[in-house]
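In: the amino acid sequence is not available; the structure is as follows:
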Ligand code: MD3
Ligand code: FE
């Protein structure tokens, strides 16, 4: 089941369901080494979403700005390598979405507790806007807000559920997007949280 959201944006419902146990086992290893933390924006606000990373480049934010860093600022150690199952699923999803040859070097892992949200923004910290972004949703369902090229464009709402994958490329790569405050619930596999994996070519 593949759904077009916009030019270049494709929703693949349930794409990772067949691999969920492998995916979750790898996720556990990553968060053991590099626990979720709530980072601060350059403006001094603490994010409601807790984050960690794997891969050669991890997305971090602090008082000095947003950037990709090869080292976890909490541990001083490099991020763990991207697990083969993460890479394989991201590359397969990108191909299905029409982006052959995607090779991500960054996987940002976002954890939403009930009430956590992400306000409308663009992803512009990456070097190559020609590469797509692949996102994997796990756990509680979220309302994803998908706007347009201008901040004022009225967002469309999509419910993203456990196992869903979205590929964003082409013209939609720089569209504004966000996540509405997470509704409380108890997911059979993931409990009271939503986890989103975002694969990017950062460098
Ligand atoms: C649409 N995360 O980490 S992933 C982010 O669910 C982020 O955690 C959200 O936005 C989350 O930056 C959404 C989906 C996503 C990622 C990048 C996009 C959607 C996008 C870039 C352009 C358009
Ligand atoms: Fe984003």
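Out: Nice, thanks for sending it over. Just so it is clear, the structure is predicted and the values come from calculations on it, not from any experiment. Ligands and ions are numbered 1, 2, ... in the order given.
In: can you name the residues of the protein sitting close to ligand 1?
Out: Neighbours of ligand 1 within the chain, by CB under 6 Å from any ligand atom: 108, 110, 118, 123, 133, 135, 166, 168, 172-173, 175, 177, 179, 196, 198. Every C-beta, even on glycine, is put in place using the N, C-alpha and C of the backbone.
In: residue contacts, residue 26?
Out: Residue 26 is in contact with 83, 85, 86, counting by CB atoms under 8 Å, 6 or more residues apart in numbering.
In: just to revisit the earlier point, of the residues of the chain next to ligand 1, which is the most crowded?
Out: Among the residues of the chain next to ligand 1, the one with the most neighbours (other CB atoms under 10 Å) is residue 166, at 28 neighbours.
In: check which helix or strand covers that one.
Out: Residue 166 is part of strand 165-168 when elements are defined by DSSP states H and E.
In: quickly run through the sheet partners of that strand, with directions.
Out: Strands that pair with strand 165-168, judged by DSSP bridges, come out as strand 9-12 (antiparallel), strand 133-139 (antiparallel).
In: quick one: it to chain centroid distance?
Out: Relative to the chain's own centre, strand 165-168 is displaced by 10 Å; criterion: CA atoms, centre = their mean, to the nearest Å.
In: what sits up against it?
Out: Applying CB under 8 Å, 6+ apart, the contact partners of strand 165-168 are 5, 8-12, 15-16, 89, 93-94, 96-99, 132-137, 144, 160, 175.
In: are any of those buried, and if so which?
Out: When the contacts of strand 165-168 are checked for burial by 16 or more other CB atoms under 10 Å, the buried set is 5, 8-12, 15-16, 89, 93-94, 97, 99, 132-137, 144, 160, 175.
In: ok so, going back, what's the following helix or strand after the strand holding residue 166?
Out: Later in the chain than strand 165-168, the nearest helix or strand by DSSP H and E is strand 177-179.
In: between the following helix or strand past that next one and strand 133-139, how big is the angle?
Out: Downstream of strand 177-179, the first helix or strand assigned by DSSP H and E is strand 194-200. Relative orientation of strand 194-200 versus strand 133-139 (axes from the mean of the first three to the mean of the last three CA atoms, to 10 degrees): 160 degrees.
In: so what's the gap between strand 194-200 and the chain middle?
Out: On CA atoms, centre = their mean, the centre of strand 194-200 falls 3 Å from the chain's centre.
In: mind listing residues that contact that strand?
Out: Residues from elsewhere that reach strand 194-200 (CB under 8 Å, 6+ apart): 27, 59, 86, 90, 102, 104-112, 123, 126, 131, 133-142, 179, 182.
In: likewise for stretch 119-129?
Out: 59, 66-68, 106, 133, 145, 147, 151, 155, 173-178, 200-203.
In: next secondary structure element downstream of the strand or helix carrying residue 68?
Out: Using DSSP H and E, residue 68 sits in strand 65-69. Sequence-wise, the next helix or strand downstream of strand 65-69 (DSSP H and E) is helix 84-96.
In: I am finished for the moment; much appreciated.
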